[in-house]
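>>> coordinates only, no sequence provided:
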């Protein structure tokens, strides 16, 4: 599972945190830091990144608890990202080829 998450683009720490939350349910940041032996800065940055890509959510209560979204949703999110990247590449391809052909003709 760890290698699969890294293959999807997650860092080592991001993967550790996601797997920890998926296995153990919601936890506060301090608990995550202690369980995974992370410093506050790394844990905070990673949790912020994971929230930014929508695979970890935070509770609305205080203190905040972080929870992993189901792995099925993670896969679906990454599939959508890859589709968008492919679409962008296709659009860029056409523009690059057009510019290349114009340059060659001159």
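Done, it's in. Here the structure is a predicted model, which is why all the values come from computation and not from measurement. Numbers count the residues shown, from 1 in each chain.
>>> quick one: buried residues of the helix or strand hosting residue 43?
Using DSSP states H and E, the element containing residue 43 is helix 40-52. Residues 43, 46-47, 49-50 are the ones in helix 40-52 that count as buried (16 or more other C-beta atoms under 10 Å). Backbone N, C-alpha and C define where each C-beta goes, glycine included.
>>> what's next to it, contact-wise?
Residues from elsewhere that reach helix 40-52 (C-beta atoms under 8 Å, 6 or more residues apart in numbering): 11, 13-14, 17-18, 29, 32-33, 36, 38, 56-58, 66.
>>> just the buried subset of those, written out for ChimeraX, thanks.
Those of the contacts of helix 40-52 that count as buried under 16+ other C-beta under 10 Å are selected in ChimeraX with:
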select :13,14,17,18,29,32,33,36,38,56,66
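>>> can you redo the contacts of helix 40-52 as a markdown table with distance to residue 89, secondary structure and pLDDT?
Shown next, in a markdown table, are the contacts of helix 40-52 (distance: C-beta to C-beta, whole Å; DSSP: H, G, I helix; E, B strand; the rest coil; pLDDT from 0 to 100):
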| residue | distance to residue 89 | secondary structure | pLDDT |
| --- | --- | --- | --- |
| 11 | 24 | coil | 93 |
| 13 | 29 | helix | 95 |
| 14 | 25 | helix | 96 |
| 17 | 30 | helix | 97 |
| 18 | 27 | helix | 96 |
| 29 | 37 | helix | 95 |
| 32 | 36 | helix | 97 |
| 33 | 39 | helix | 97 |
| 36 | 36 | helix | 97 |
| 38 | 35 | coil | 96 |
| 56 | 28 | strand | 97 |
| 57 | 30 | strand | 97 |
| 58 | 33 | strand | 96 |
| 66 | 33 | strand | 97 |
